[in-house]
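Visitor: Got a predicted structure here, sequence first:
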Amino acid sequence: MTAVYRLLIRLLMPAVFVYLWLRGRKAPAYRERWNERLALQSIPARYRHGLLIHCVSVGETVAARQLIETLLNDYPQVPITLSSMTPTAAELAYKLFGDRVHHLYLPFDTPGAMRRFFTNLAPCAVLILETEVWPCFVREAQRRKVPVLLLNARMSEKSFSSYHRFAWLLGPIWRELSWVAAQTQASLERFVALGVPAERSALRGNLKFDSHVPMATLAAATAMKQRLERPIWVAASTHKGEDELLLAAFKQILSELPTALLILVPRHPERFASVGELVAREGFTYVTRSAGTEPQAQHQVLLGDSMGELLLWYALADVAFVGGSLITRGGHNPLEPVATHTPVVSGPHVFNFKDIYQRLTNARAVRFADTTEQIARHTLELLCDAQLRHKLQCAAQREFAQDQGATAAMLADIKQQFSQSQQGVPLAMQNVEVLQPTKGETIWYRQDRFGEFSAAFFSADYWRQQGQIKGAATGRSTAWFIASQPTDMLLRHYYRGGLVGKLNKDRFKREPVAVSRAMAEFELLLKLSERGLPVPEPLAARYVKAPGWGYRADILVAVIPTAKDVFKLLGERHLSEQEWNTLGQAIRLLHEHRVYHSDLNCHNLMLDEAGKAWIVDFDKCGFREPGDWTQANLARLLRSFNKELGKAKEARHDFHWQEARDWPLLLAGYQAN
């Protein structure tokens, strides 16, 4: 990604929103959800750290359907977010997957929008279908070490020329992809020529070869066909400039087959109304799918003005015309009618799917038509000859019979990358609910730990009025112990330390809610708890914008029963060799999981009555790559022991710590295999 690209994409934003507004005159959905276009929306916490699957439009969504269904089944505990760029794809996503996935629009590719997007969603891996690669998007993913897989990837000669011509503008985006699973050998070679490392790419085939028509769809098509009892022709995914030719061809068909039915399915929903008007002007009687009634004997055309039912129309029809091919749009994928065993007629412009159409041509499994007369002649021939239809169906099936397996191969690719990126993924986030009780206030809470939750739970006065305050822990600030079921809780407000804290008690510089102090600690503790590390269980966190500047934060965590911090214990007695070993082992366990504790000291180490060690207070902590920081962590802990010993001597208090005796015991536990 170049500086020129970053500048241009920012300058283009006003024009892009003008385009959306103008497009919204015919398709109002384009004027909705604009906050998502800039990544300004609130993303449900339970969808953080999951898989992000980007399907730019309807075609990619349909192609990915089986893959997504398999991922939902194989990883039921992992949230899946499906992104797109068009309202039609959004509508189809809701129809196909319902609330099993979270849908959003991928924001426009500005650096700021992509930073917000990745901060709020924090995906553990990204799957992009076909060729929707954006420089800022890929760069932000790489910066956060999020693997990006380009699946079912295709690269036409025309697209290759464009990407090659503008390589100076886009930068090394192809080298930054983690994996590319190409549809064809030609596409694979083009991706490698653009910069994708050969060792991070492979030929995997086309997902649409694995298309399975749901049994419910086949059953519905069979039942409807029996009720209609008439020849049916579907003209699908049509564009402006094609409908007139197809309707003219249908007039010729009706002259020989008066009972024939045309199912006309425009590609874009904003054209539904205008195509309906065209059908009426041409003198046809028609019914719309949205009306909820089936065609009757007097209806000649069924206008398919619905989403997600194209497979139904293909399965219902005797012959299919695949649109986008009578104009220089380049055609649409014919594999869907092939999957429903429906013979295909197409226009001549099929360069988007050149390889597939070439194979159909070689197998004599497709008919091409360029004029109204040719369309009518080929369609009539097939409608009137069941044996010819069967011949074309069988030829298409034989041609692609050996091409299945792309879904399984790509799933293996995903699982390999996903297993590598799954570290630190808090699956319990799926139980986290979000409250926004007041403007500027956001609360995350565990719905599996609370039946109901209130913002009042972050107030010590509230618990005091309930008579549930059990005690307090003092230090830089007071933390309150609260009697509760099924576990006692600790309420802690975040305060500033050092010299800053004398002037600014508890305000922090504004930052995204998802990475604010309380939410970051809450999420980190979830990750560590799921790994079985000896840390307190997080229960809830709160972010509140402060008047004028900054924000304040609070957290609720579960109390560790019978545990005392090491500082208090050393004020009472010596620790045994086993206790020191146990503390060292707990720290080593933390470091083995690459967890950096920013304030490892004797106040944040605890021992319970069973002798188990615990580590607490993970504010400003996180994961780090292996390095010298582990030794710096230990050095900080040693300093804290000696500091408290010095303070105890000055105050003439007991503090049972001797470095020469105790520190080697802790290190022995830390270094034990």
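Guide: Arrived safely. Numbers count the residues shown, from 1 in each chain.

Visitor: Helix, strand or coil: sort out the nearest residue to L539 once chain neighbours are set aside for me.
Guide: What sits nearest to L539 in space, not counting adjacent residues and going by C-beta to C-beta, 6 or more residues apart in numbering, is L556, at 4.4 Å. (C-beta placed from N, C-alpha, C; glycine too.) When classified by DSSP: H, G, I helix; E, B strand; the rest coil, L556 comes out as strand.

Visitor: My guess is L556 contacts L490. True?
Guide: Yes: L556 lies in contact with L490 (C-beta atoms under 8 Å); the separation is 7.1 Å.

Visitor: After the helix or strand hosting I253, heading C-terminal, what element do we hit next?
Guide: Using DSSP states H and E, I253 sits within helix 243-256. As assigned by DSSP H and E, the chain's next helix or strand after helix 243-256 is strand 261-266.

Visitor: Can you give me the neighbour number for T70?
Guide: 15 (other C-beta atoms under 10 Å).

Visitor: And for D461?
Guide: Neighbourhood size, D461 [other C-beta under 10 Å]: 9.

Visitor: Next, the buried residues of the host helix or strand of D662.
Guide: In the assignment (DSSP H and E), D662 maps to helix 659-671. Buried residues in helix 659-671, counted by 16 or more other C-beta atoms under 10 Å: 662-663, 665-667, 669-670.

Visitor: pLDDT added to those, as TSV?
Guide: Listed next are those as TSV, based on pLDDT from 0 to 100:
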residue	pLDDT
D662	97
W663	97
L665	97
L666	97
L667	97
G669	96
Y670	96
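
Visitor: that older thread, L556 and L490 - which one has more neighbours?
Guide: Taking neighbours as other C-beta under 10 Å, L556 and L490 compare with L556 leading, 26 against 20.

Visitor: which residues pair with that one across the strands?
Guide: Under DSSP bridges, the beta-bridge partners of L556 are L491, A540.

Visitor: list the contacts for it?
Guide: If you count contacts by C-beta atoms under 8 Å, 6 or more residues apart in numbering, L556 has them with 457-458, 489-492, 538-541.

Visitor: go on, R190?
Guide: Per C-beta under 8 Å, 6+ apart, neighbours of R190: 155, 157, 160.

Visitor: for F453, same thing?
Guide: Contacts of F453 (C-beta under 8 Å, 6+ apart): 433, 435, 443, 445, 447, 540.

Visitor: Go again with 6 Å.
Guide: F453 makes contact with Y445 under the criterion C-beta atoms under 6 Å, 6 or more residues apart in numbering.

Visitor: go on, the one 10 residues further on?
Guide: Each residue near W463 by C-beta under 6 Å, 6+ apart is listed here: 469, 482.

Visitor: Secondary structure of it: a helix, I assume?
Guide: Yes: judged by three-state DSSP, W463 forms part of a helix.

Visitor: wait, G324 sits on P334?
Guide: No: taking C-beta atoms under 6 Å as the definition, G324 is not a contact partner of P334, at 10.7 Å.

Visitor: any chance you could map the helices in the stretch 51-200 of the chain?
Guide: In the stretch 51-200 of the chain, the helices defined using DSSP state H, counting those that start in this stretch lie at 58-74, 87-97, 111-121, 135-143, 157-165, 167-170, 185-194.

Visitor: which stretch among those comes nearest W657?
Guide: Comparison of the helices of the stretch 51-200 of the chain against W657 by C-beta to C-beta identifies helix 111-121 as nearest, at 42.0 Å.

Visitor: And that closest one, what does it pack against?
Guide: Helix 111-121 sits against helix 135-143, with contacts defined as 3 or more C-beta pairs under 6 Å, 6 or more residues apart in numbering; DSSP states H and E.

Visitor: Distance check, the residue nearest to L539 against N431.
Guide: As judged by C-beta to C-beta, to the nearest Å, L556 and N431 stand 15 Å apart.

Visitor: any idea how far A396 lies from P123?
Guide: Using C-beta to C-beta, A396 is found at 38 Å from P123.

Visitor: actually A668, not the one I typed
Guide: 41 Å.

Visitor: Tell me how many other residues crowd K505.
Guide: Per other C-beta under 10 Å, the neighbour tally for K505 reads 12.

Visitor: List the contacts of the nearest residue to Y494 once chain neighbours are set aside.
Guide: Spatial nearest neighbour of Y494, excluding adjacent residues (C-beta to C-beta, 6+ apart): A553 at 4.3 Å. By C-beta under 6 Å, 6+ apart, the contact set of A553 is 494, 517-518, 543.

Visitor: Recalculate using a threshold of 8 Å.
Guide: 493-494, 508, 516-519, 541-544 are the contacts of A553 under C-beta under 8 Å, 6+ apart.

Visitor: the domain parsing of the protein - what is it?
Guide: Using automatic domain parsing, the domain ranges for the chain come out as 3-205, 215-403, 427-558, 564-671.

Visitor: nearest to L411, of those?
Guide: Closest approach to L411 among the domains of the chain is made by domain 3-205 (6.0 Å; C-beta to C-beta).

Visitor: quick revisit: of the contacts of R190, which is the nearest to T630?
Guide: Distance to T630, by C-beta to C-beta, is smallest for M155 among those, at 45.0 Å.

Visitor: tell me the pLDDT at the closest one?
Guide: If you check M155, the pLDDT there is 92.

Visitor: Checking E452 next. Helix, strand or coil?
Guide: Under three-state DSSP, E452 falls in the coil class.

Visitor: what number of residues lie near E282?
Guide: If you count neighbours by other C-beta under 10 Å, E282 ends up with 16.
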